[in-house]
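**Q** Structure, please.
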Amino acid sequence: MNQPAPMVAILDDEPEIRTMLSDALQDAGFRTASFGRATEFEAALARTAPDVCLVDLGLPDKDGLALVHRLALESGAAIIIISGRAQVQDRVTGLELGADDYIIKPFDPAEVVARVRARLRSGRDAGKTVSVARFEGWEAQFERYVLIDTEGKETPFSHAEGEVLRLFLESPKRLISRAQMQENLGGAAGESFDRAMDVRISRLRTKLGEDPKNPRLIKTIYGAGYIFLGDVTWG
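**A** Predicted coordinates for the structure are as follows:
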């Protein structure tokens, strides 16, 4: 039985942009659902789970960044911000709050299609591997986006945090440079990428109960990158 085409949810208050994106994505073989208000978008999420969410930050009824942050914590979808805010700090903030990518308006629809395909390809590649890892008393369930401690307490992590965690767990006790992280996780190299990685790693350390001044599992090798020191088993 054939799998349905991936679903892309589009949230933008400009009808022309919704139509342009929907047409381009449908021509590329995707299913789409378009929304002009955050309340409509959130109501739809209760009924269906999109594979990718395209989210504008300038929404009429809710704060776009707050919505992105909630999606990152509660949804397994990849999140791509589409925004007219072009400042570096805006991009950094969006990535820090859990977005997987950031596209600045005006854009070519073909670029959006390419970015959506890249995020889905990353997810499929991850899906080909085992989705549960155990390390130092923790269990990471990547299909559910949760960490489980020895007492069974569950702590959710975002799609973006999960990409970083999987990268560490697939290469324990090996140095992972910034360049390797950029190559594996995508995104443009530079200050915004580095800041986003720092924040995601900091959040992972907090969720793992690490001492921020002397982390036991995720070590920073200054000027070189990071190394994960735990023993890991998959399956």
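
**Q** Do a quick rundown of the helices in this structure.
**A** Taking DSSP state H as the criterion, the chain carries its helices at 15-27, 38-45, 64-74, 88-96, 109-127, 159-170, 178-185, 191-207.

**Q** Start and end of stretch 57-68, how far apart?
**A** With CA to CA, to the nearest Å as the measure, stretch 57-68 spans 8 Å from end to end.

**Q** can I see the domain layout of this structure?
**A** What the record gives for the chain is the domain set 7-127, 132-234, from automatic domain parsing.

**Q** circling back to that earlier point, rank the helices of the chain by mean pLDDT and give me the bottom one.
**A** Sorting those by mean pLDDT places helix 109-127 lowest, at a mean of 77.

**Q** how far away is residue 232 from residue 211?
**A** 21 Å (CB to CB, to the nearest Å). Using the backbone N, CA and C atoms, a C-beta is placed for each residue, glycine as well.

**Q** Between the two, tell me which one has more neighbours.
**A** A direct count of neighbours by other CB atoms under 10 Å for residue 232 and residue 211 places residue 232 higher, at 17 against 8.

**Q** Over to stretch 69-85 now: how far is its first residue from its last?
**A** Terminal residues of stretch 69-85 are spaced 17 Å apart (CA to CA).

**Q** Return the set of buried residues in it.
**A** Within stretch 69-85, the residues that count as buried by 16 or more other CB atoms under 10 Å are 69, 71-72, 75-83, 85.

**Q** Identify the farthest-apart pair in the residues you listed.
**A** 76 and 85 (25.8 Å; CB to CB).

**Q** give me the number of residues near residue 20?
**A** Residues lying near residue 20 (other CB under 10 Å) number 16.

**Q** Contacts only, for it.
**A** residue 109 (CB atoms under 8 Å, 6 or more residues apart in numbering).

**Q** Centroid-nearest residue for the protein?
**A** For the chain, residue 160 is the residue whose C-alpha lies nearest the centre (CA atoms, centre = their mean; 3.0 Å).

**Q** one step back: just the domains of the chain: most buried one?
**A** Mean neighbour count (mean count of other CB atoms under 10 Å) peaks for domain 7-127 among the domains of the chain, with a mean of 18.

**Q** Assess the claim that residue 216 and residue 210 are in contact.
**A** Yes - with contact defined as CB atoms under 8 Å, residue 216 reaches residue 210; the gap is 6.1 Å.

**Q** shared neighbours of the two, anything?
**A** Joint contacts of residue 216 and residue 210 (CB under 8 Å, 6+ apart) do not exist.

**Q** Pretty sure the residue nearest to the centre of the chain sits against residue 203.
**A** No - Residue 160 is beyond contact range of residue 203, at 9.4 Å (criterion: CB under 8 Å).

**Q** check contacts around the nearest residue to residue 28 once chain neighbours are set aside.
**A** Counting by CB to CB, 6 or more residues apart in numbering, residue 113 is the residue found nearest to residue 28 once chain neighbours are left out, at 4.8 Å. Going by CB under 8 Å, 6+ apart, residue 113 touches 24, 25, 28.

**Q** how much space between residue 113 and residue 24?
**A** To residue 24, residue 113 is 6 Å away according to CB to CB.

**Q** Pick the one among the buried residues of stretch 69-85 closest to residue 59.
**A** Closest approach to residue 59 among the buried residues of stretch 69-85 (CB to CB): residue 83, at 10.5 Å.
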